[in-house]
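Visitor: Everything below, folded, please.
(one chain, ligands or ions: 1)
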Amino acid sequence: MLFRRHNSALRSAVLVILCCLSAWGEGASPARPANYNERKVGTYKLPDPLILADGSRVKTAAEWEEKGRPEILRLFATQMFGRTPPASLKTSVGNVIVDQNALGATAIRKQTTITFTRGTDSRSMHLLLYLPAETKGPVPVFLGLNFAGNQTVSADPGIDLNPVWVRDPLDQRKWIQVAADPKTRGSAASRWQVEKILSHGFGVATVYYGDIEPDFVGGMSYGIRPLFFAPGQTEPLPDEWGAIGAWAWGLSRAADFLQTDKDINPKEIFVIGHSRLGKTALWAGAQDTRFAMVISNDSGEGGAALSRRDFGETIERLNAVFPHWFCGNYKQYSNHAEKLPFDSHMLLALIAPRPLYVASAEDDLWSDPKGEFLGAVHAGPVYELLGKKGLGTDRMPAIHHPIQHDIGYHIRAGKHDVTAYDWDQYLKFAEMHFSH
Ligand code: GCU
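Guide: The predicted structure follows:
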């Protein structure tokens with residue numbers, strides 16, 4: 001017993017050190033050290049998602065749709081992710097290259113390039129789609145951005161090797177665009193579980209997030225944001241979108257394309273994302289109600305985790321290390337989470353009444369699993385108002401004991417990642433809500 005206790009104390013200490021190291025990975029940060037002590041979390045009061053700015057209470061589903069939801073959406077847009085420009089760009093879809101016999105004839109693979117143009121400036125994103133070879137009709141599709149190129153999601157040699165952004169091997173401070181290395185084929189396959197998804201009768205689609213905007217300070221000029229600038233503008237205004245907003249926009253443009261494919265059920269496109277791309281999936285799902293289900297995998301601070309709960313990553317550190325992710329206005333909340341006019345539960349509530357899944361990993365303390373769970377708990381009242389079922393408890397479930405109603409939540413063993421276990425839950429949840 002004593003030995004076991006020591007063992008777990010040692011394990012926690014190692015985890016905290018690992019989390020701190022990962023926190024330093026992306027760039028130097030002057031931020032104070034992260035808190036990993038539950039007793040030092042402090043007390044906080046969450047804003048009520050059903051109380052409007054004028055103090056009145058949202059009492060009906062209609063009032064939520066007409067007043068509550070738009071008000072909260074506007075706050076997230078102007079204070080955190082930045083407003084997505086309403087304008088649309090000239091968009092052209094290239095040839096769709098189809099292989100009816102992909103993955104040992106279990107899948108249909110489709111690939112295309114979607115190009116956005118303004119004047120003489122253009123950007124292209126490459127989309128990869130797998131559909132199950134045998135279906136009785138249009139299928140639901142999981143859509144998510146990937147971190148390092150479409151070729152990473154499966155070892156399938158038919159996936160195009162498009163350009164990706166990597167750190168310059170000659171100068172680690174710089175980023176360069178190179179053709180994807182064939183050796184990286186399938187390097188993220190365990191995160192995508194393509195065969196598993198297909199075997200359940202779902203499709204899966206992905207786009208490399210760097211196609212929409214490469215993820216580094218200064219990457220903006222290579223992405224789509226400048227295509228929306230007013231004449232002479234070189235930086236977004238304080239309430240205009242950051243990179244996460246741009247990536248979320250890319251997801252919506254991918255959905256535009258998926259909705260035109262007759263093999264896909266246009267009402268069953270699910271958006272999923274891991275970590276920073278989990279934050280992105282939530283913001284995409286909050287804005288674009290065509291996403292019929294939203295999955296946040298280990299999205300942490302700036303995603304599902306409550307910001308007022310001081311545990312793991314903080315707004316201060318997000319703003320210091322990833323200043324390009326959020327809008328300028330978000331900087332005023334560094335060290336001042338209590339001043340936010342919302343918290344993560346209200347971002348999650350924007351998904352209601354659509355099915356929402358939040359997942360955590362036990363060793364991913366940086367993302368604050370308990371804060372992610374509580375974000376989902378406190379989105380519950382909005383789901384209930386809309387006649388849906390939230391988590392129905394505020395007691396965190398044990399490892400590998402998912403709760404699945406209209407909001408789903410699980411915490412699994414292991415580190416910050418997407419695993420087969422996570423996908424087993426997402427597939428079950430999707431099957432619960434969408435018969436196909
Ligand atoms: C960093 C960052 C997190 C983010 C994660 C990821 O750890 O601090 O906010 O979620 O990267 O995207 O992997």
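Visitor: Count the neighbours of Tyr409 for me.
Guide: Residue crowding around Tyr409 was assessed by other C-beta atoms under 10 Å; the count is 28. Every residue, glycine included, has its C-beta placed from N, CA and C.
Visitor: then the helix or strand encompassing it to CSV, C-alphas only?
Guide: Here Tyr409 sits within strand 407-412, counting by DSSP states H and E. Once side chains and other backbone atoms are set aside, the C-alpha atoms of strand 407-412 remain, and they are given as CSV (Å, rounded to 0.1, in the frame of the first residue of the first chain):
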residue,chain,number,x,y,z
ILE,A,407,-23.7,15.5,-24.0
GLY,A,408,-21.1,12.8,-23.8
TYR,A,409,-18.0,12.7,-21.7
HIS,A,410,-15.2,10.3,-20.9
ILE,A,411,-11.8,10.3,-19.4
ARG,A,412,-9.5,7.5,-20.5
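Visitor: Does anything pack onto it? Which helices or strands?
Guide: For strand 407-412, the contact count by 3 or more C-beta pairs under 8 Å, 6 or more residues apart in numbering; DSSP states H and E identifies strand 356-361, helix 369-385, helix 420-433 as packing neighbours.
Visitor: Given it, what are its sheet partners and their directions?
Guide: The strands that strand 407-412 pairs with in its sheet are strand 356-361 (parallel), strand 403-404 (antiparallel) (by DSSP bridges).
Visitor: What residues of the first one count as buried?
Guide: It refers to strand 356-361. For strand 356-361, burial by neighbour count (16 or more other C-beta atoms under 10 Å) applies to Leu356, Tyr357, Val358, Ala359, Ser360, Ala361.
Visitor: same check, this time on stretch 96-103
Guide: Of all the residues in stretch 96-103, those buried under the rule 16+ other C-beta under 10 Å are Ala102, Leu103.
Visitor: How about residues contacting that stretch?
Guide: The list of residues contacting stretch 96-103 from outside it, by C-beta atoms under 8 Å, 6 or more residues apart in numbering, reads 108-112, 130, 133, 154, 156, 158, 194-195, 198.
Visitor: cutoff 7 Å now
Guide: Ile108, Arg109, Lys110, Gln111, Thr112, Tyr130, Asp156, Gly158, Glu195 (C-beta atoms under 7 Å, 6 or more residues apart in numbering).
Visitor: Kindly report the same for stretch 296-308.
Guide: Applying C-beta under 7 Å, 6+ apart, the external contacts of stretch 296-308 come out as 44, 46, 272-275, 278-279, 281-282, 312-315, 318, 326, 337-338, 340, 343-345, 348, 358-361, 364, 366-368, 371-372, 374-376, 416, 418, 422.
Visitor: angle of the strand holding Tyr409 against helix 369-385?
Guide: Comparing the axes of strand 407-412 and helix 369-385 via axes from the mean of the first three to the mean of the last three C-alpha atoms, to 10 degrees yields an angle of 160 degrees.
Visitor: now strand 407-412, how far from the chain's geometric center?
Guide: Using C-alpha atoms, centre = their mean, to the nearest Å, the mean C-alpha position of strand 407-412 is found 15 Å from that of the whole chain.
Visitor: between it and helix 420-433, how many degrees?
Guide: Computed by the same axes, to 10 degrees, the angle between strand 407-412 and helix 420-433 is 160 degrees.
Visitor: now strand 407-412: mean pLDDT?
Guide: When pLDDT is averaged over strand 407-412, the result is 99.
Visitor: which other residues reach that strand?
Guide: For strand 407-412, the external contacting residues (C-beta under 7 Å, 6+ apart) are 356-362, 369, 373, 376, 379-380, 383, 390-391, 397, 399-400, 402-403, 419, 421-422, 425, 429.
Visitor: Which of the strands paired with strand 407-412 sits closest to Met220?
Guide: The closest of the strands paired with strand 407-412 to Met220 is strand 356-361. By C-beta to C-beta, the value is 29.1 Å.
Visitor: could you dump the closest one to CSV, C-alpha only?
Guide: Output for strand 356-361, consisting of C-alpha atoms alone and laid out as CSV, is shown next (Å, rounded to 0.1, in the frame of the first residue of the first chain):
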residue,chain,number,x,y,z
LEU,A,356,-21.7,17.2,-28.1
TYR,A,357,-18.9,15.0,-26.9
VAL,A,358,-16.0,16.1,-24.6
ALA,A,359,-13.2,13.8,-23.9
SER,A,360,-10.2,14.0,-21.6
ALA,A,361,-7.1,11.9,-20.9
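Visitor: Contacts (any at all) between the ligand and that strand?
Guide: No. Contact check for strand 356-361 against the ligand, using C-beta under 6 Å from any ligand atom: none in range, with a minimum separation of 11.7 Å.
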